[in-house]
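Trainee: Here's a sequence, model it:
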Amino acid sequence: MATQDAPPRWDRRMQQRLARGEAAALGELYDRFASLVHGLAHRVLEDERAADRITREVFTHVWENPDAYDPKNGPLRTWVATLTHRLAVQRLRATETEALAQGGEGSTEDLEHKVRHASVAARADYIVHAMPTPLRAALELAYFQRRDYRQTAVDLGVTEDEARRRLRLGLQLLSTAHDTDTPGAPPGYGGAA
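Mentor: Residues are numbered from 1 along each chain as shown. Purely as a prediction, here's the structure:
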């Protein structure tokens with residue numbers, strides 16, 4: 001069993017490969033995390049083209065600054081998600097501030113509310129994508145297909161008690177979306193960052 005201090009082997013190896021300038025490592029990293037990065041950026045910015053730009057910026061930053069990630073500080077996935085969140089929030093603030101300066105509607109308080117709302121939504125997306133597949137499958141059945149725990153149990157081929165357990169655990173994880181200091185979650189996701 002891995003200790004809390006030991007980073008996953010894949011993360012350590014990936015960081016080393018990126019530091020050596022292996023283009024194949026960047027491709028592998030992109031294949032693994034591009035949908036996460038794009039999804040988080042889109043959730044914050046609500047704009048497909050802006051999310052595409054943030055996705056390019058994140059992977060460019062990773063390529064140009066491979067030593068910025070330290071495996072001792074946590075999983076690579078969390079670092080990439082945190083970087084995405086930071087860049088997306090910066091872009092959102094810059095875009096909204098520019099709109100305010102040009103006489104757009106709203107205020108600084110509206111902007112900060114929008115940033116907080118986008119951060120919580122992005123954090124919830126991160127939590128859902130990071131949770132174990134059995135929990136995610138149960139939540140998706142209950143939420144998107146409006147299944148109760150009995151129907152979820154039948155659809156998943158598990159007992160009703162197991163379906164209830166999965167739904168309860170999944171909802172407990174999602175309830176942390178508003179927390180700013182939940183262990184294992186990207187820092188800054190609950191606040192305005």
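
Trainee: all helices for this structure, in order.
Mentor: Remark: helices assigned in the chain by DSSP state H are 9-19, 23-45, 48-64, 76-101, 108-130, 133-144, 149-156, 160-174.

Trainee: residues near Trp79, how many?
Mentor: 20 (other CB atoms under 10 Å). Every C-beta, even on glycine, is put in place using the N, C-alpha and C of the backbone.

Trainee: I'd say Pro75 and Pro8 touch.
Mentor: Yes - counting by CB atoms under 8 Å, Pro8 is a contact partner of Pro75 at 6.4 Å.

Trainee: The nearest residue to Asp125 once chain neighbours are set aside: how many residues sit nearby?
Mentor: Closest residue in space to Asp125, ignoring its immediate chain neighbours: Arg43 at 5.3 Å, by CB to CB, 6 or more residues apart in numbering. Arg43 has 21 neighbours, counted by other CB under 10 Å.

Trainee: list the contacts for Arg43?
Mentor: 118, 121-122, 125 (CB atoms under 8 Å, 6 or more residues apart in numbering).

Trainee: As CSV, these with neighbour count, pLDDT and distance to Leu173 would be great.
Mentor: Listed next are the contacts of Arg43 as CSV, based on neighbours: other CB atoms under 10 Å; pLDDT from 0 to 100; distance: CB to CB, whole Å:
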residue, neighbour count, pLDDT, distance to Leu173
Ala118, 21, 76, 20
Ala121, 16, 75, 15
Ala122, 27, 75, 15
Asp125, 19, 76, 12
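
Trainee: re the thing from before, looking at Pro75 and Pro8, which one has more neighbours?
Mentor: Neighbours around Pro75 and Pro8, counted as other CB under 10 Å, are more numerous at Pro75. The numbers are 17 against 14.

Trainee: quick one, what contacts the closest residue to that one other than its chain neighbours?
Mentor: Once flanking residues are discounted, Pro75 sits nearest to Asp11: 5.9 Å by CB to CB, 6+ apart. Residues in contact with Asp11, defined by CB under 8 Å, 6+ apart, are 71, 75-77.

Trainee: Spatially, which two of those are the most separated?
Mentor: Pro71 and Arg77 (11.6 Å; CB to CB).

Trainee: most centrally placed residue in this structure?
Mentor: Centroid-nearest residue in the chain: Tyr126, 3.1 Å away (criterion: CA atoms, centre = their mean).

Trainee: Spatially nearest residue to that residue (excluding sequence neighbours)?
Mentor: Ala81 (5.4 Å).

Trainee: how much space is there between that neighbour and Phe144?
Mentor: 23 Å (CB to CB, to the nearest Å).

Trainee: of the two, who's got more company?
Mentor: More crowded of Ala81 and Phe144, by other CB under 10 Å: Ala81, with 27 against 8.

Trainee: how about the more buried one, what does it touch?
Mentor: Ala81 neighbours (CB under 8 Å, 6+ apart): 36-37, 40, 126, 186.

Trainee: who wins for neighbours among the residues you listed?
Mentor: Going by other CB under 10 Å, Leu40 tops those with 32 neighbours.

Trainee: Nothing else from me, thank you.
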